[in-house]
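J.: With the sequence up front, the predicted model follows.
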Amino acid sequence: MNKKNGNVVRFNRWGYFFLIPFVVVFIAFQLVPLVSTIYNSFFEHYFKNGLTEVGPTFIGLANYKSLFTGGEIFKYFANTMIMWIMGFIPQIVVSLLLAAWFSDPSLRLKGRPFFQSVIYLPNLIMASAFAMLFFALFSDSGPINSMLMNMHLISEPYKFLSHTSSARWLVAFMNFLMWFGNTTILLLAGMLGIDTSYYEAAEVDGATSTQIFFRITLPILRPILIFVMITSLIGGLQMFDVPQILTNGEGSPTRTTLTLIMFLNKHLYSKNYGMGGALSVMLFIITGILSLIVFKFNQSSQK
């Protein structure tokens, strides 16, 4: 018995060897930068006029106080969340409908793998290329304005990027197009893993397709929906490349499309490492709090 237990222990040691690459990468590329960022956030360290180095000088929580002075961080957080919500709601609705459509065996859809591949393709395109495409399409002299004028819907070019609502909708629409295919594949995988006996029993009891979807499919998909929501939320808080390229880094009009990461990039571009570190720490805290809220909400709704 003891010999058998000893063999099991020796065998289990191989698991630790396989963990070594992950631990090394985690420490080198995640833990050390995180600790360094937190450390730098307590110092005044920047380059004056891009040439003269100031600091590093320990100033405690002064960088954090500066972040909240004037309320800029709240404005950019609101911008980020508004554009994320504008893109996430249609994304999850369309993805659920497509996943339900693809997973329904009674429809007997032809070419389903082809359509699944097509809707996933935008996820493979670089966000910067996507943003450049939309910048050209919706520019003052672009094809969208030309088409609208030829149809006599407008008399002069509409400045899409000069109006808050249209600029935000463009950013949200691009994020929707890039990610709804990935969300559809995740939800489809979850739906295909549901035991068909549940559906058969519900049909025998006379349940409608709507009742089956809301009372069987959605509750079973809850873990995947929470995963999609949390990962999408984290991605939304890290929204950068699309609005950065679309508005040339200015967050126009009047910084209503400037996100938290774009605000962070301005500090890092100006080499203000202290403020950049403080803002990075705040982003880390905000992401953790929002993810915890979503997770707790899921737990409470299951009771």
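T.: Perfect, I can see it now. Numbers count the residues shown, from 1 in each chain.
J.: So, low pLDDT: which residues of the chain?
T.: Applying pLDDT under 70 to the chain picks out residues 1-11, 50, 299-303.
J.: ok, and the closest non-adjacent residue to the residue nearest the centre of it?
T.: Centre of the chain computed as the mean C-alpha position; nearest residue by CA atoms, centre = their mean is G235, 1.9 Å away. Among residues not flanking G235 along the chain, W179 sits closest, at 7.5 Å (CB to CB, 6 or more residues apart in numbering). In short, each C-beta sits where N, CA and C put it, glycine included.
J.: Give the burial count for that neighbour, as a bare number.
T.: When counting by other CB atoms under 10 Å, one arrives at 21 neighbours for W179.
J.: Can you list the buried residues in the helix or strand hosting it?
T.: Using DSSP states H and E, W179 falls within helix 164-192. Residues 167-188, 190-191 are the ones in helix 164-192 that count as buried (16 or more other CB atoms under 10 Å).
J.: which residues in the stretch 151-300 of the chain form helices?
T.: Using DSSP state H, counting those that start in this stretch, the helices found in the stretch 151-300 of the chain span residues 164-192, 196-204, 209-212, 218-237, 241-246, 260-269, 273-302.
J.: residues in contact with the third one?
T.: When contacts are taken as CB atoms under 8 Å, 6 or more residues apart in numbering, the neighbours of helix 209-212 outside the stretch itself are Y199, A202, E203.
J.: Also stretch 29-36?
T.: Identification of contacts with stretch 29-36 by CB under 8 Å, 6+ apart yields F284.
J.: Just put the helices of the stretch 151-300 of the chain in CSV and tack on distance to A78.
T.: Written out in CSV, the entries for the helices of the stretch 151-300 of the chain read as follows (distance: least, CB to CB, whole Å):
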stretch, distance to A78
helix 164-192, 11
helix 196-204, 42
helix 209-212, 35
helix 218-237, 12
helix 241-246, 14
helix 260-269, 10
helix 273-302, 12
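J.: Among those helices, show me which one is buried the most.
T.: helix 241-246 (a mean of 22; mean count of other CB atoms under 10 Å).
J.: Run the chain-centre distance for it.
T.: Between the mean C-alpha point of helix 241-246 and the mean C-alpha point of its chain there is a distance of 14 Å (CA atoms, centre = their mean, to the nearest Å).
J.: Quick one: list the elements packing against it.
T.: Packing contacts for helix 241-246, counted by 3 or more CB pairs under 8 Å, 6 or more residues apart in numbering; DSSP states H and E, involve helix 127-137, helix 164-192, helix 260-269.
J.: Which one of the helices of the stretch 151-300 of the chain lies nearest to V23?
T.: helix 273-302 (20.7 Å; CB to CB).
J.: That closest one to helix 260-269, inter-axis angle?
T.: 160 degrees (axes from the mean of the first three to the mean of the last three CA atoms, to 10 degrees).
J.: Buried ones in the longest helix along the chain, by neighbour count?
T.: When every helix of the chain is counted residue by residue (DSSP state H), the longest turns out to be helix 72-103. Judged by neighbour count (16+ other CB under 10 Å), helix 72-103 contains these buried residues: 73, 76-77, 79-84, 86-88, 91-92, 94-96, 98-100, 102-103.
J.: what does stretch 44-64 give?
T.: Quick answer for stretch 44-64 (16+ other CB under 10 Å): E44, H45, Y46, I59, A62, N63, Y64.
J.: Surely the third one is in contact with V54?
T.: Yes: Y46 is in contact with V54 according to CB atoms under 8 Å; the separation is 5.5 Å.
J.: Looks to me like H45 is in a strand.
T.: Yes: assignment of H45 by DSSP: H, G, I helix; E, B strand; the rest coil places it within a strand.
J.: residue contacts, it?
T.: Counting by CB under 8 Å, 6+ apart, H45 touches E53, V54, G55, P56, T57, N272, Y273, G274.
J.: quick one: which of the buried residues of stretch 44-64 is nearest L161?
T.: The shortest approach to L161 among those belongs to Y46, at 30.8 Å (CB to CB).
J.: mind listing what that closest one touches?
T.: Taking CB under 8 Å, 6+ apart as the contact definition, Y46 lies against E53, V54, G55, S270, K271, N272, Y273, G274, M275.
J.: Name the nearest of those relative to P223.
T.: Closest to P223 out of the contacts of Y46 is M275 (38.5 Å), distances taken as CB to CB.
J.: roughly how far apart are the closest one and Y39?
T.: For M275, the distance to Y39 under the criterion CB to CB, to the nearest Å works out to 14 Å.
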